[in-house]
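S.K.: Pasting the sequence and the predicted coordinates here, then a few questions.
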Amino acid sequence: MNTMLYTFHFYLFGLISIASAVAFVTRKSPVAAALWLVNTMFCLSALYVMLDAQFIGAVQVLVYAGAIMVVFLFVVMLLNLGQASDVSDIRGLGGRLTAGLVGLAMLAELFALSRIRFPQLMSAMSDHANVVNPLSAPLFHEYLLPFEVTSVVLLVAVVGAVVLAKRGPNAS
Amino acid sequence: MIAEALFFSAVLFTIGVVGVLTRRNAIIIFMCVELMLNAVNLSFIALSRLHGSANGQVFVLFVMTIAAAEAAVGLAIIISIFRHHKSVDLRNINLLKG
Amino acid sequence: MLQDLAAAGTHPLADTAARYVGLLPLLPLAGFLVNGALSLIPAYKAGPADPSAAEHGHDDATHAADAHAVAHADEHGAVGHGAVGDDHHETARHKYAGIASVVGPLVLALSFGLAVMIWLAMAGVGDMHTPYVQTFFDWMVTGDLKISWAFQLDQLSMIMVLVITGVGTLIHIFSIGYMRDDPGYPRFFAYLNLFVAFMLVLVLGANYPVLFVGWEGVGLCSYLLIGFWFSEKANADAGKKAFIVNRIGDFGFLIATFLLFANLGTLDFTGVAATASTLGYNSALVTTICLFFFLGCAGKSAQLPLYVWLPDAMAGPTPVSALIHAATMVTAGVYLIARSGVLFAMSPTACITVAVVGTITALFAATIGLKQWDIKKVLAYSTISQLGYMFMGVGAGAYAAGMFHLITHAFFKALLFLGSGSVIFAMHRAYHHTGSHEDAQDMRNMGGLKKYMPVTFVLMWIATLAIAGVPPFSGFFSKDGILGAVFARAQHGALADATWLGMPGSTVLYVLYGLGLLTAFLTAIYMTRMMLYTFHGPNRTGDAAQAHLAEAPWSMTGPLVVLGVLSAAGGWLNLPAALPLGPIGVLEKWLEPVVGAATTAVAGTAGEEMMSTEYALIVVAVAIALIGIVVAVVRLKPAVVVLKRDAVPTHGFEQVLEEKYYVDEIYDDAIVKPLVSGSRNILWAGIDRGIIDSLFVNGSAVLARGFGWVGSQLQSGETGAYAWAIAIGALAVLGAFTFR
């Protein structure tokens, strides 16, 4: 691969994803925040592709950005929470500072923990023709049980969501 | 590249944590949790690339599935709460008090 | 080591009455318990509560005269004066006073009897070179330190025991009459008994810690007895002052004890005597030890600069002044130095220092005594002065002479105090009969009492002649013994060869001898003055009160007679070689096994003193005394004395003397006020309130509240708080991994 271009794009998408995340966290309006999060996911998807997980990258857009975030937006619209609220729902200055400190501490500890040097990867891992096969092989051999369990989880989730969101006999 | 990817992952995760601690709107908090999950996904992918094995990507698949299930159920709960309190402000959800 | 000596088993005293030595202090202690129990029963006939005073505590000149007058008036006004306004003595007698009258003096008499028996046993044994030590139990055993509670009987402690119990018994009998109508009667005897018990522990102790127990105990009893009538603030203050000033001395004593233990490893007297030579002759160490011991003596025996409590102590009842501040407690310092003779003999510097301080104190106090008007104050300063003589004696290494003066001083000073007690008793009775509020202790209100109190008059003159040093009374022999010893040491011996602050020892000692003579001169003057103003001349008490002046009852005058005989004949205890009127040097020979070695170490093997020098010294001493008496008689006319209430203020040097050189005021401004102000502002406001209260007490409360708040957040029910908890928990887990 063309290292220079590759590196540039890697950093580009990485920084945009971080910037979008920051923007997401600081928006007052839930809708705006959700859209920024969608942007973050797009950038992450790009990163996945650049890291030779093309299938996951595609699935990210389809599932995360396309389904999960849409559900979020549906709920926001349903509950009519779209506008920026008058009462600030961001904690006060002390809370923000302390949260920032906690975050910095966590970041510092994570860096301290990851003191491994990673080798420069030159060769491509998989050939471009077959991106799905390396993924599906473990999925249906080693991880067959978790795969089936996940499907049960999805069923349970669907049922549960319907039950929880249903209006009761005396509709409020 | 792997190191940078892990770096981005850590930063995104931290931003997600800060968001959880700072915001009071339950839906926003939920979305921050999704951000944290995404950061972890990035970590998985990067390390999978490092080790040359596809197990990491399988895991990411599972994470996404569970995230979807969790999102559905969680949002259903939030709708329930909204019906009761008429708001999703975290300050009102304090039935565990005492 | 003590056990070895005693368990060598063959001490000649082991099978005699001496084995009951433990009873000596236990008897007065039992008396204390009984009398103390009696005093706790609130049972007296109608009248004021204890401690209303039969004799009011008298301030010294430091306190404003008007404060005293106010207190005086309050006493009379507030206190039940009896329905008719007459003598309120009748109304205040304690219900159980009879029992206390028996128990108090009886235990003392029993103790005295036992002491005599032990003394007879000791005299019967003849030459006793080792002390008889009886160990009772192990008191402090830890590491290298092993201190037992043990009593030591040797010639020195025997003398002290006899003096204490003997004079003590006489004073107890005197108190029966003197304190008759005091509501605190049993309490008085309780404290007196306790005092005697502690004093006996002091002199009987076989090691420094036991001695110190007695030392502290007598200090405590002194405080209790000085402030006996504590409802008047002046008396309570005097008690406090005595205790606090004594404490400074105690600090010196303790430092010396610590140094001794650190260097010798033992605190028993026998052990110290055996190993003292390892300290090094005239070394800085042994001098330091001796000087710190002397600091203790300066506190207890009222030498410069710690004498200030003794004049104030006159606020206590007169028997207390007689027993504690004349005969026994204040002599504890002299006893201590005699006991530690082996240490002092190793340090000529310390010896000379002790002698110098003693002499200067003697002179200083004598000058103040010249201008005091309160009869008890004159005697107080006289006591300080005579104590100075004693220290001059033991400082010069003449331990036997110092102890001799201690004994004779006990006799004539107790007589003087008890006699003045009789006088005050009579004056008080007279004033109460007339309802007058004059000061019963001021000599300006007395005069011509010889007509009314002839027995007391004669006895007091005997004591005055004794203290002035007129032969053949006891004081002459003891004072001459001391002055002669100082003169001899000035001529040859270890002290004469030593240097003190750059001056040759002999010069210093000659100067001390001269100052001693001067002090004797002044002593004669002020004591004669006291007699003149009290007993001679016209009576100034006032015609109405005069009619009631009379001799005290025989319960009080009896002990005075006994003391008079002792003051007159006591000199025969230690006749000098120059005057062989009887057996020579009995006391010196008796004390020789104990202090002989130290005396020779200091004095050197004295070449025989030339008889002519001896006679010359005697003649000089007697002449000085007689000239002093004559000067006083000629120059101080009792007739010109004015009443206290008409007294004009004095000026110039007279005023300085009358105000005791303003020493109390100086101490107050230089020491007391800065200490109090420092304590109040820095220690209390700053540290106690600011740091300890705010930081530790309140701070710990705040901390607890903080923890509580944190804890309460866990149960607040707020989901956001739970999110915080999760985040912080994750941080902690990560931290554990990071810093593993």
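M.R.: Nice, I can see it. Just so it is clear, the model here is predicted, and its values are computed rather than measured. Residues are numbered from 1 along each chain as shown, chains lettered A, B, ... in the order given.
S.K.: neighbours around residue 17, how many?
M.R.: In the absence of a named chain, this looks at chain A. A:Ser17 is surrounded by 28 other residues when neighbours are defined as other CB atoms under 10 Å in any protein chain shown. C-beta coordinates here come from the backbone N, C-alpha and C atoms, glycine included.
S.K.: you looked at the wrong chain, it should be chain C
M.R.: Other residues within reach of C:Ala17, judged by other CB under 10 Å, total 17.
S.K.: pretty sure it contacts C:Trp119?
M.R.: No - the pair C:Ala17 / C:Trp119 is not scored as a contact, 9.0 Å apart, by CB atoms under 8 Å.
S.K.: Can you name the residue of chain B nearest to chain C?
M.R.: Among the residues of chain B, B:Lys97 lies closest to chain C, at 2.7 Å counting by CB to the nearest CB.
S.K.: for C:Ala685, helix, strand, or coil?
M.R.: The three-state label given to C:Ala685 by DSSP: H, G, I helix; E, B strand; the rest coil is helix.
S.K.: count of neighbours near it?
M.R.: For C:Ala685, the neighbour count with other CB under 10 Å is 11.
S.K.: Now do it against C:Gly143, distance only.
M.R.: 42 Å (CB to CB, to the nearest Å).
S.K.: how about the residues of chain B that lie near chain C?
M.R.: Where proximity means CB under 8 Å from any CB of the partner chain, the interface of chain B facing chain C comprises B:17, B:20-21, B:24, B:26, B:29, B:90-91, B:93-98.
S.K.: Apply 7 Å and report the result again.
M.R.: Where chain B comes near chain C, counting by CB under 7 Å from any CB of the partner chain, the residues are B:Val17, B:Val20, B:Leu21, B:Arg24, B:Leu90, B:Arg91, B:Ile93, B:Asn94, B:Leu95, B:Leu96, B:Lys97, B:Gly98.
S.K.: try chain A
M.R.: Counting by CB under 7 Å from any CB, the residues of chain A lying close to chain C are A:Val102, A:Ala105, A:Met106, A:Glu109, A:Ala112, A:Leu113.
S.K.: circling back: so what's the spatially closest residue to the residue of chain B closest to chain C that is not a sequence neighbour up against?
M.R.: Taking CB to CB, 6 or more residues apart in numbering or on different chains as the measure, B:Lys97 lies nearest to C:Gly717, with 2.7 Å between them; neighbours along the chain are not counted. For C:Gly717, the set of contacting residues under the criterion of CB atoms under 7 Å, 6 or more residues apart in numbering or on different chains consists of B:Asn94, B:Leu95, B:Leu96, B:Lys97, B:Gly98.
S.K.: Output the contacting helices and strands for the longest helix anywhere in chain B.
M.R.: Looking only at chain B and at elements set by DSSP state H, the helix with the highest residue count is helix B:55-85. Based on contacts counted as 3 or more CB pairs under 7 Å, 6 or more residues apart in numbering or on different chains; DSSP states H and E, the elements that helix B:55-85 packs against are helix A:54-59, helix A:69-78, helix A:133-140, helix A:144-165, helix B:26-51.
S.K.: if we go to 6 Å?
M.R.: Contacts of helix B:55-85 with other secondary structure elements, assessed using 3 or more CB pairs under 6 Å, 6 or more residues apart in numbering or on different chains; DSSP states H and E, are made with helix A:133-140, helix A:144-165, helix B:26-51.
S.K.: which of the ones you listed is buried the deepest?
M.R.: Looking across the helices and strands packed on helix B:55-85 with neighbours counted as mean count of other CB atoms under 10 Å in any protein chain shown, the highest average goes to helix B:26-51: a mean of 23.
S.K.: What subset of the residues of chain B next to chain C is buried?
M.R.: Among the residues of chain B next to chain C, those scoring as buried are B:Val17, B:Val20, B:Leu21, B:Arg24, B:Leu90, B:Ile93 (criterion: 16 or more other CB atoms under 10 Å in any protein chain shown).
S.K.: same question for the longest helix of chain B, mean pLDDT?
M.R.: For helix B:55-85, the mean per-residue pLDDT is 92.
S.K.: how many neighbours does residue 40 have?
M.R.: Chain wasn't specified; assuming chain A. Residues contacting A:Thr40 under the criterion other CB under 10 Å number 28.
S.K.: Hmm, no, I was thinking of chain C.
M.R.: Neighbourhood size, C:Leu40 [other CB under 10 Å]: 11.
S.K.: so who does it touch?
M.R.: Neighbour list for C:Leu40: empty [criterion: CB atoms under 6 Å, 6 or more residues apart in numbering or on different chains].
S.K.: swap in C:Ala365?
M.R.: Neighbours of C:Ala365 in contact, by CB under 6 Å, 6+ apart: C:Tyr381, C:Ile384, C:Ser385.
S.K.: want to throw the residues you listed into a markdown table with neighbour count?
M.R.: Formatted as a markdown table, the contacts of C:Ala365 follow (neighbours: other CB atoms under 10 Å in any protein chain shown):
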| residue | neighbour count |
| --- | --- |
| C:Tyr381 | 25 |
| C:Ile384 | 26 |
| C:Ser385 | 26 |
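S.K.: Tabulate these (a markdown table), appending secondary structure, distance to chain B and pLDDT.
M.R.: Written out in a markdown table, the entries for these read as follows (DSSP: H, G, I helix; E, B strand; the rest coil; distance: CB to the nearest CB, whole Å; pLDDT from 0 to 100):
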| residue | secondary structure | distance to chain B | pLDDT |
| --- | --- | --- | --- |
| C:Tyr381 | helix | 80 | 92 |
| C:Ile384 | helix | 78 | 92 |
| C:Ser385 | helix | 83 | 92 |
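S.K.: From those, pick the one nearest C:Phe112.
M.R.: Using CB to CB, C:Ile384 is the member of those that sits closest to C:Phe112, with 27.8 Å.
S.K.: Where does pLDDT dip in chain A?
M.R.: Low-confidence regions of chain A, defined here as pLDDT under 70, cover residues A:1-2, A:84-90, A:115-131, A:169-172.
S.K.: ok and the residue in it nearest chain C?
M.R.: Using CB to the nearest CB, A:Glu109 is the residue of chain A that sits closest to chain C, at 4.2 Å.
S.K.: Now do the contacts for that residue.
M.R.: Counted by CB under 6 Å, 6+ apart, A:Glu109 has contacts C:Leu734, C:Thr738.
S.K.: try 7 Å this time
M.R.: Applying CB under 7 Å, 6+ apart, the residues contacting A:Glu109 are C:Leu734, C:Gly735, C:Thr738.
S.K.: where does the first one fall, helix, sheet strand or coil?
M.R.: At C:Leu734, secondary structure determined by three-state DSSP is helix.
S.K.: Does C:Leu323 touch C:Ile171 like I think?
M.R.: Yes - the criterion here is CB atoms under 7 Å, and C:Leu323 meets it with C:Ile171 at 4.6 Å.
S.K.: which residue packs closest to the residue of the stretch 601-740 of chain C at minimum distance from chain A, ignoring adjacent ones?
M.R.: Among the residues of the stretch 601-740 of chain C, C:Leu734 lies closest to chain A, at 4.2 Å counting by CB to the nearest CB. On the basis of CB to CB, 6+ apart, the spatially nearest residue to C:Leu734 that is not a chain neighbour turns out to be A:Glu109, at 4.2 Å.
S.K.: element containing the one you found, please.
M.R.: When secondary structure is defined by DSSP states H and E, A:Glu109 falls within helix A:93-113.
S.K.: Give me the buried positions along that helix.
M.R.: When neighbours are counted by 16+ other CB under 10 Å, the buried residues of helix A:93-113 are found to be A:Thr98, A:Ala99, A:Val102, A:Gly103, A:Ala105, A:Met106, A:Leu107, A:Glu109, A:Leu110.
S.K.: Just give me the closest of those to C:Ser231.
M.R.: Comparing the buried residues of helix A:93-113 against C:Ser231 with CB to CB picks out A:Thr98 as the nearest, at 65.3 Å.
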